[in-house]
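Participant: I would like the atomic coordinates for the input below:
(one chain, ligands or ions: 2)
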Amino acid sequence: MSNRIQIFDTTLRDGEQVPGCQLNREEKVEVAKELEKLGVDIIEAGFPISSPGDFASVKAICDAVSEPTVCALSRAKKEDIDAAAEALKTAKRPRIHTGIGSSDVHIIHKFNSTREKIIEQAIWAVDYAKSFVEDVEFFAEDAGRADLEFLAKLTHAVIKAGATVVNLPDTTGYLLPHQMHQRISYLYEHVDNIHQATISMHNHNDLGLATANTIAGIQAGARQVEVTINGIGERAGNTSLEEIAMILNVHKDLGFSTGIHPQYLYPTSCLVSNLMGMPVQANKAIVGANAFAHSSGIHQDGFLKHAQNYEIMNPEDVGVPSSAILLTSRSGRAALRHRLSLLGYEFEKPDLDKLYTRFLIMADEKKMIHDADLKELVG
Ligand code: KIV
Ligand code: ZN
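Facilitator: Residues are numbered from 1 along each chain as shown. Ligands and ions are numbered 1, 2, ... in the order given. Okay, here's the model as predicted:
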């Protein structure tokens with residue numbers, strides 16, 4: 001099995017479902033081009049049956065990008081698959097993503113159906129989608145809570161029908177990482193045609209475990225991950241692209257690779273956040289404002305002696321211009337001296353001590369000390 005992980009970006013589909021994050025066609029095309037530059041393998045461009053605007057956006061993205069596969073979502077319904085196929089007509093590498101619920105709770109309370117009928121409909125949907133495109137991905141919605149024996153039967157059936165990728169979403173973000181690992185391993189042991197398809201992870205973050213579950217899935221055999229920029233998506237969001245890309249990059253010992261060019265992670269994060277009007281939380285891994293900012297005296301002193309004391313990645317590697325030393329009342333003399341020297345002031349120890357005492361009083365009052373405050377202090 002190859003150790004190259006396919007990055008399937010669903011920022012423009014699952015991410016864009018977030019209330020208030022809708023983008024117009026031009027904005028979606030701009031994001032799609034940025035995703036292509038970033039090196040994603042598949043762009044899930046939208047859900048064409050959902051609105052004329054989304055249909056037009058998927059079409060426009062097919063014309064705007066050339067490298068990545070362009071994927072369109074559909075339910076396991078004729079009209080959805082027809083719309084997806086039509087929207088993808090000009091794509092160089094089109095993929096239809098179709099599927100249906102797989103947990104008993106979805107089968108009974110959403111579809112008012114039975115396991116047998118769900119398998120029949122799944123086979124029909126894959127077969128019908130295959131009449132338009134070669135590359136068909138099947139999603140078994142809520143696979144995280146599905147009966148495992150049934151999930152194995154469903155996986156076998158859709159692969160036999162021609163699915164090239166089987167997506168096993170933890171739609172409700174329910175699983176723990178070791179459970180995800182056990183489930184994917186079980187499928188590898190019990191589905192005899194599983195090696196004819198790629199297994200995909202699509203994990204939601206309801207318990208903050210989306211990234212951990214995705215890594216567990218990769219370790220058990222999944223070779224595609226469905227992710228979004230900044231981890232945006234339904235409810236608590238999806239697995240974040242930047243986290244997966246950098247986990248696999250930092251932990252080369254795991255032996256997996258992606259096609260992501262990490263230097264575009266931060267610019268892409270900023271673009272998506274700005275266009276969607278969705279701020280990134282300051283402590284967000286990789287792309288948050290504080291991801292490379294050091295504020296306590298102990299950390300600042302250690303960082304200034306040797307950056308690797310407190311950083312496991314270089315900010316420049318992910319496109320962040322530089323690390324930051326923030327001056328607050330938790331900062332120490334080392335950080336104060338460092339910032340003063342950047343401003344052209346050098347102080348010997350007794351003077352620095354005096355200045356530091358006044359700095360702490362000012363910092364307690366102002367919370368954050370900026371260069372203008374330091375100049376005032378020195379003045
Ligand atoms: O979370 C989910 O199950 C989905 C599917 C439509 C793939 O988004
Ligand atoms: Zn989802």
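Participant: Which pLDDT does the model give the residue nearest to Thr155 when sequence neighbours are not counted?
Facilitator: Of all residues not flanking Thr155 in the chain, Val191 sits nearest, at 4.9 Å (Cβ to Cβ, 6 or more residues apart in numbering). Heads up, the C-betas are built off the backbone N, CA and C, glycines and all. Per-residue pLDDT puts Val191 at 98.
Participant: Next, count neighbours for Val191.
Facilitator: A count of nearby residues for Val191, using other Cβ atoms under 10 Å, gives 21.
Participant: same thing with Ala307?
Facilitator: 14.
Participant: Tell me how many other residues crowd the closest residue to it other than its chain neighbours.
Facilitator: Nearest residue to Ala307, sequence neighbours excluded (Cβ to Cβ, 6+ apart): Ser323, at 6.8 Å. Applying other Cβ under 10 Å, we find 16 residues neighbouring Ser323.
Participant: same question, His306
Facilitator: 9.
Participant: So it versus His299, what's the distance?
Facilitator: Per Cβ to Cβ, to the nearest Å, His306 is found 12 Å from His299.
Participant: what's the answer for Asn205, then?
Facilitator: Using Cβ to Cβ, Asn205 is found at 27 Å from His299.
Participant: Equivalent analysis for Pro279, please.
Facilitator: Pro279 is 25 Å from His299, by Cβ to Cβ.
Participant: neighbour count winner among these two?
Facilitator: The residue with more neighbours, out of Pro279 and His299, is His299; 18 against 12, by other Cβ under 10 Å.
Participant: residue ranges of the helices in the stretch 151-300 of the chain, please?
Facilitator: 177-190, 210-220, 241-250, 265-276, 297-305 (DSSP state H, counting those that start in this stretch).
Participant: After the shortest one, which helix or strand is next?
Facilitator: Yep, that's helix 297-305 we're talking about. On the C-terminal side of helix 297-305, the nearest following helix or strand under DSSP states H and E is strand 324-325.
Participant: helices and strands around whichever helix or strand comes after that following strand, which ones?
Facilitator: With elements assigned by DSSP H and E, the helix or strand that comes after strand 324-325 is helix 333-342. Secondary-structure packing of helix 333-342 (3 or more Cβ pairs under 8 Å, 6 or more residues apart in numbering; DSSP states H and E): helix 297-305, strand 324-325, helix 349-366, helix 371-378.
Participant: which residues of the protein score low on pLDDT?
Facilitator: Counting by pLDDT under 70, the chain contains no low-confidence segment.
Participant: For it, what lies in contact range of ligand 1?
Facilitator: Remark: the part of the chain in contact with ligand 1 comprises Asp14, Phe139, Glu141, Asn167, Pro169, Thr171, His202, His204, using Cβ under 6 Å from any ligand atom.
Participant: Now do the closest residue to the first one other than its chain neighbours: how many residues are near it, please.
Facilitator: Which is Asp14. In space, and not counting its chain neighbours, Asp14 is closest to Gly233: 4.3 Å by Cβ to Cβ, 6+ apart. A count of neighbours around Gly233, defined by other Cβ under 10 Å, yields 27.
Participant: CSV please, covering the residues of the chain next to ligand 1 and showing neighbour count.
Facilitator: Converted to CSV, these look like this (neighbours: other Cβ atoms under 10 Å):
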residue, neighbour count
Asp14, 23
Phe139, 28
Glu141, 23
Asn167, 22
Pro169, 23
Thr171, 24
His202, 30
His204, 24
